[in-house]
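> requesting a structural model of the entry that follows:
(2 chains)
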2 protein chains.
Amino acid sequence: MSREITGFSNPLVKRVRSLREKKFRKAEGLFLAEGLRILTEARDAGVLPEMLFHAGSDHPLARALIAAMEAAGGDVIETTPDILAKISGKDNPQAVVGVYRDRLTPLDTIDRASTDIWIVAQSLRDPGNLGTILRTGDAVGAGGLILIDDCVDPFSVEAVRASMGALFTQKIATARWDDFVAWLRKGPGQLVGTSLNTDKDYQEPDYQSPTFLLVGNEAQGLPESYEAQCDLLVKMPMLGKADSLNVAVATAVMAYEILNQKRRRG
Amino acid sequence: MSREITGFSNPLVKRVRSLREKKFRKAEGLFLAEGLRILTEARDAGVLPEMLFHAGSDHPLARALIAAMEAAGGDVIETTPDILAKISGKDNPQAVVGVYRDRLTPLDTIDRASTDIWIVAQSLRDPGNLGTILRTGDAVGAGGLILIDDCVDPFSVEAVRASMGALFTQKIATARWDDFVAWLRKGPGQLVGTSLNTDKDYQEPDYQSPTFLLVGNEAQGLPESYEAQCDLLVKMPMLGKADSLNVAVATAVMAYEILNQKRRRG
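Below you'll find the predicted structure:
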C-alpha cells in the first residue's frame, strides 16, 4: 500500500514522532530506524519495517527499499521533506524512516549453541554504548546481546543509530540477573566477567564455546555478587593513569580476543 | 586566592559558561572539565586548573582539590549550587568545575621515541569517539593523539567527559595531513592505517615501534591518497552483515594488538 501525507497535523505523523519517546515505543511495541544505510542493512537481514516514510527520494537504495516494501505489501508513505525532517530530526531529503516492530527475543528461545559468543551487559546506561556493542557483536559473529537489570532502551533512536543496523542481525533479550543465571546454568556456556578485581590477564584463559562475555555498568562495573557467580574474571592490561576503559571498548577488546582464539583453533 | 560568587549575573559566571562553545574556547585558550573524578585524574597527572569552582562540597576529593589549588596559589571560587549547575549543566552539589589552559602540543616538540604507540585520527567528527580514543590511548600507554585535518574540538565538554581525564595524560597535537607526513618521515615510525581496502589481517604483521596507528572519519574512513602513504594497511576480521566497526572500537582493538605484541616481546 502506498499513500501520501502532506499535513503536519496528520495523526500518523504525530504518532510516529512520538516513537522517539520510550513510553510510546513501549505502548506501541514499535520503534524508529532512520537512514538508507541502516534500513538497507535491516532489509539485507530480512527485516522490513511496518511503515516506510520517504520524501520522494530517487536514491537507488531508497527505490530498492520502496520496491521491497511494495512487493511485500508493506505500508509506504510518501510525505514532504519538512514532515520527514520533523519525524527524523534530520534535514536530509534522501532520508528514509522505518517504523519497526520491536525485536526482543525471549531468553528461553535462544539457541545458545548456534554461535561461540554471546554478549551480556548489566545496567548499561548509555544508548551509544549499547548500539556500539551491538555493532561489535555483529562484527565478531556474536549471537546477540542479553541486557541484564535496568539497561537503556535498545530501541531508542540513539542506540539504533549507533548499532548501524546490527540491531537487526543480533538477537536482543532482557532478563533480571537471577533469571539469566538460572537459564545459563541449564546448558553449556562459560560466563566470563570483565573486572578490575582480578589479576588474571584476558589473554591467559582458553575461552570455552559458547562464551558469555559479561560487562557491567559504565560507572560502577559489575556488582561483586554477580562477579562471584562468573566462571572466570579477567582484566585487560591498563598501563595508564586511569584504571578503566569505556565499556564498549572493553567489550570489543575482549570479544576480539575470544574470536582470535577461535580463529587460531580453526 | 579564594573568593565567593553568589550572583548569576556575575561576568565571570557568564564567561565560564561561554566556554561550552568552541568559539569562546578558542578565543580564550581555555576549556572546562567537570566532576571530581576527572579533575582528580588531572591533578594526579600534575595539572591544576586556572580556576576551580565548587559549591562548598565537603567530599574528600573536592577538599583535596581545593587544598592543592590553594597550595599552588590557584584561583578557588565558591559559588552556589544553582550557579554551579548553570556552569556545569549538572545538578549535583558535589560537582566541581575546572577551567583549564588548552593543552595542544606542537607536533615538532613531540618525542616520538618516548613510547611505542601514537594514535592518529583523521577528520573525526564525534566528541564521544575522540574522548574514548584518548581514554584507550591512556590505557595502552600511547603517547598521545594526533588529530589530522578537521576534527571535532578535543576540548569540547563531551570529549573531555568521554576521555575520563585521559585528556590530561595524553599529548594532543593537530596537523594537516601533508605536515604530519613530512614530520613523520623525518624520523622512525611505522604508519599503520586501518582500512577495508586490504586483505591483510591485523594480527599478521609485526608492528614496529613507534607505531603510528591511523584511523579515519566515522562515515568515510581514510581517503585513498592517505592510505597510499601508509607503510601498512590492515583490517580486522568482520564476520557480520555490516562491514565496519565504530572508530573508537577499531582503534582499541588495534591498539591492544600492538600492546599485546609488545608484551610478548617483553
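
> isn't residue A:69 up against residue A:75?
Yes: Residue A:69 is in contact with residue A:75 according to C-beta atoms under 8 Å; the separation is 7.4 Å. Every residue, glycine included, has its C-beta placed from N, CA and C.

> of those two, who's got more company?
A side-by-side neighbour count of residue A:69 and residue A:75, using other C-beta atoms under 10 Å in any protein chain shown, places residue A:69 first with 24 against 17.

> contacting residues around that one?
Contacts for residue A:69 (C-beta atoms under 8 Å, 6 or more residues apart in numbering or on different chains) come out as A:48, A:49, A:52, A:75, A:76.

> distance check, residue A:108 against chain B.
Note on residue A:108: its distance to chain B, by C-beta to the nearest C-beta, to the nearest Å, is 25 Å.

> what sits against the closest residue to that residue other than its chain neighbours?
Of all residues not flanking residue A:108 in the chain, residue A:183 sits nearest, at 6.2 Å (C-beta to C-beta, 6 or more residues apart in numbering or on different chains). The contact partners of residue A:183, taken as C-beta under 8 Å, 6+ apart, are A:107, A:108, A:175.

> is it possible to mark the buried ones in these?
Buried members of those, counted by 16 or more other C-beta atoms under 10 Å in any protein chain shown: A:107, A:175.

> one step back: need the residues touching each of residue A:69 and residue A:75.
The contact sets of residue A:69 and residue A:75 overlap at residue A:52 (C-beta under 8 Å, 6+ apart).

> picking that back up, and the residue nearest to residue A:108, which of the three is it?
At residue A:183 the chain is in helix, as set by DSSP: H, G, I helix; E, B strand; the rest coil.

> from residue A:112, how far off is it?
9 Å (C-beta to C-beta, to the nearest Å).

> residue A:246 too?
Using C-beta to C-beta, residue A:246 is found at 27 Å from residue A:112.

> more neighbours, the two?
Each of residue A:246 and residue A:112 has its neighbours counted (other C-beta under 10 Å); residue A:246 has more, 27 against 18.

> identify the residues contacting that one.
A:129, A:218, B:132, B:135, B:136, B:162, B:164, B:248, B:252.

> at 10 Å instead, please
A:126, A:128-129, A:132, A:218, A:252, B:128-129, B:131-133, B:135-136, B:139, B:162-164, B:248-249, B:252 (C-beta atoms under 10 Å, 6 or more residues apart in numbering or on different chains).

> give me the phi and psi angles of it.
Backbone geometry at residue A:246, expressed as degrees, to the nearest 10, gives phi -50, psi 140.

> name the SS class of residue A:41, please.
Taking three-state DSSP, the label given to residue A:41 is helix.

> for burial, what's the neighbour tally of it?
Per other C-beta under 10 Å, the neighbour tally for residue A:41 reads 23.

> same question, residue A:82
Here the count is done by other C-beta under 10 Å, and residue A:82 has 12 residues near it.

> can you tell me the distance between the two ends of stretch A:88-102?
End-to-end distance of stretch A:88-102: 18 Å, with C-alpha to C-alpha, to the nearest Å as the criterion.

> swap that for stretch A:199-212, sorry
With C-alpha to C-alpha applied, stretch A:199-212 spans 20 Å between its terminal residues.

> grab the nearest non-local neighbour of residue A:5.
In space, residue A:5 is closest to residue A:79, 4.7 Å off (C-beta to C-beta, 6+ apart).

> do residue A:123 as well
Once flanking residues are discounted, residue A:123 sits nearest to residue A:217: 4.0 Å by C-beta to C-beta, 6+ apart.

> thanks a lot, catch you later.
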